[in-house]
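Chemist: sequence and predicted structure, then a few things I'm wondering about:
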Amino acid sequence: MTHAIVTGGGSGIGLAIAVRLAALDMEVTIMGRDPARLDAARARHPQLRMVVCDVTDRGGVRRAVAKAVELSGAVDVAVNGAGFVRSAPFLKHSEADWQEIMATNLMGAVHVIQEVLPAMRERDFGRIVNVASTTSLKPYPYVSAYVTSKHALLGLTRALALELARSGITVNAVCPGYTDTELLGGAIATIKSKTGRSDADARKILAAANPQGRLVDPEEVAHAVAWLVSPDSHSITGQAIVVAGGEVM
């Protein structure tokens, strides 16, 4: 059975991806640094396995992947969904903000890929999907560190895809627009603080960035990932699949 690991799998887009892959008869291990959140996800979706993992900790990732392999076998699919954002003007982003955002959004994916890639190369098969963002492809104000990290993640995706192009391993990114998850809270808080508007009005402002006039559903992103990791997607590599209602073309 195909074994997939999904970081950031305790909630939001990561959990939606994990549930979708499990529905395709994959063995799925969700990873995250909050045990309570993982426990809650498993309570709702008992078909998922879980391993606590902070992707910013290289040694912790090594141990977590080893545990996942022990429980469910070699990793065939790695989805890097762990992400962190902090909204603030550029001059209000502290050194610690930059370090935490880059450590999670970029180096977290690097750590996971470094750990799963050797076995994928031995089997000459693997699917790596990085959950990037429309911020990988266009700038947004007040999230400069996040934009930088997601641009870097897409660069990693494309460089690694070329490096592995003659293997049976593909590397792709999905780039959601504003998605209806907990992570949206930072953007909503920024809008409220700057405009004095309500939560509902802030959500409408974010939805307006999507030409379809709505927020993206996490399950839509999950369906895109399911396609990218399918056996029929061998020729799809190095791509940024945008799930944003036409916001980026």
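Modeler: Looks like it arrived, so ask away. Numbers count the residues shown, from 1 in each chain.
Chemist: show me where the protein has strands.
Modeler: 3-7, 27-32, 49-52, 77-80, 126-131, 169-176, 240-243 (DSSP state E).
Chemist: could I get those in a markdown table, plus columns for mean neighbour count and distance to Val61?
Modeler: Any C-beta I mention is one placed from the backbone N, CA and C, and that applies to glycine too. As requested, the strands of the chain are exported to a markdown table (neighbours: other CB atoms under 10 Å; distance: least, CB to CB, whole Å):
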| stretch | mean neighbour count | distance to Val61 |
| --- | --- | --- |
| strand 3-7 | 28 | 9 |
| strand 27-32 | 27 | 9 |
| strand 49-52 | 21 | 10 |
| strand 77-80 | 28 | 11 |
| strand 126-131 | 26 | 14 |
| strand 169-176 | 25 | 18 |
| strand 240-243 | 20 | 24 |
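Chemist: helices or strands up against the worst-scoring helix or strand of the chain on mean pLDDT?
Modeler: Of all helical and strand segments in the chain, the minimum by mean pLDDT, DSSP states H and E falls on helix 185-195, at a mean of 74. Under the contact definition 3 or more CB pairs under 8 Å, 6 or more residues apart in numbering; DSSP states H and E, helix 185-195 sits against helix 199-207.
Chemist: now the angle between helix 185-195 and the helix it packs on, please.
Modeler: 110 degrees (axes from the mean of the first three to the mean of the last three CA atoms, to 10 degrees).
Chemist: return the distance of helix 199-207 from the chain's centre.
Modeler: 23 Å (CA atoms, centre = their mean, to the nearest Å).
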